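# quick one, what's the 3D model for this:
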Amino acid sequence: MLEMYSLGVTVPAGGSIPLNNSNFSKGVTATHSAPASIELNKKGVYRVAVNASVSPAAAGDVQIQLVKNGILTAAARSIATAASTATVVPLGFETLVQVPFDNTCCCATSPTTLQVINASTVDATFSIVDVIVSKLC
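A predicted model of the protein is given here:
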């Protein structure tokens, strides 16, 4: 189980949201491998919950989306409309991620990597981004 979060980060359009702080980390099934990446190391099903508050650089749609192994996950996305740059918009989603095999020392395997991106067309300042990853089975 893993909980990572960031406070007050500005992310360019299409950029990965860094997760700078660890609130909770238990075991090795989910690990924080880089500022914006979480690795899933054991096969199974994981619950991924993301909550954020964002102020966009321009009025319009703001969105966050989960990326799994470099591919956008269509079902793991949140979109909201901001009336102005002074508007703080809540975003969030929860999804399941299946990992088909364990990450081992063998060069033929690698971990499943997750990232949350600013899928908006404008830069955005996230007052908070919280990501919780739990292995279900």
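
# low-confidence ranges in this protein?
Flagging of the chain using pLDDT under 70 yields the residue ranges 108.

# now do the strands in it.
For the chain, the strands defined by DSSP state E cover 2-11, 21-25, 30-34, 37-40, 44-56, 60-68, 71-82, 89-99, 112-118, 124-135.

# could you dump those strands into JSON lines with distance to Cys105 and mean neighbour count added?
(C-beta placed from N, C-alpha, C; glycine too.) Converted to JSON lines, the strands of the chain look like this (distance: least, C-beta to C-beta, whole Å; neighbours: other C-beta atoms under 10 Å):
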{"stretch": "strand 2-11", "distance to Cys105": "22", "mean neighbour count": "18"}
{"stretch": "strand 21-25", "distance to Cys105": "22", "mean neighbour count": "12"}
{"stretch": "strand 30-34", "distance to Cys105": "15", "mean neighbour count": "18"}
{"stretch": "strand 37-40", "distance to Cys105": "15", "mean neighbour count": "21"}
{"stretch": "strand 44-56", "distance to Cys105": "19", "mean neighbour count": "19"}
{"stretch": "strand 60-68", "distance to Cys105": "23", "mean neighbour count": "20"}
{"stretch": "strand 71-82", "distance to Cys105": "25", "mean neighbour count": "15"}
{"stretch": "strand 89-99", "distance to Cys105": "17", "mean neighbour count": "16"}
{"stretch": "strand 112-118", "distance to Cys105": "16", "mean neighbour count": "22"}
{"stretch": "strand 124-135", "distance to Cys105": "21", "mean neighbour count": "20"}
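
# Val50: what's it in contact with?
For Val50, the contacting residues are 64, 66, 76, 78, 91-94, 116, 129-132, by C-beta atoms under 8 Å, 6 or more residues apart in numbering.

# same question, Val28
Applying C-beta under 8 Å, 6+ apart, the residues contacting Val28 are 41-42.

# same question for Ser55.
With C-beta under 8 Å, 6+ apart, Ser55 has these contacts: 82, 85-89, 124-125, 127.
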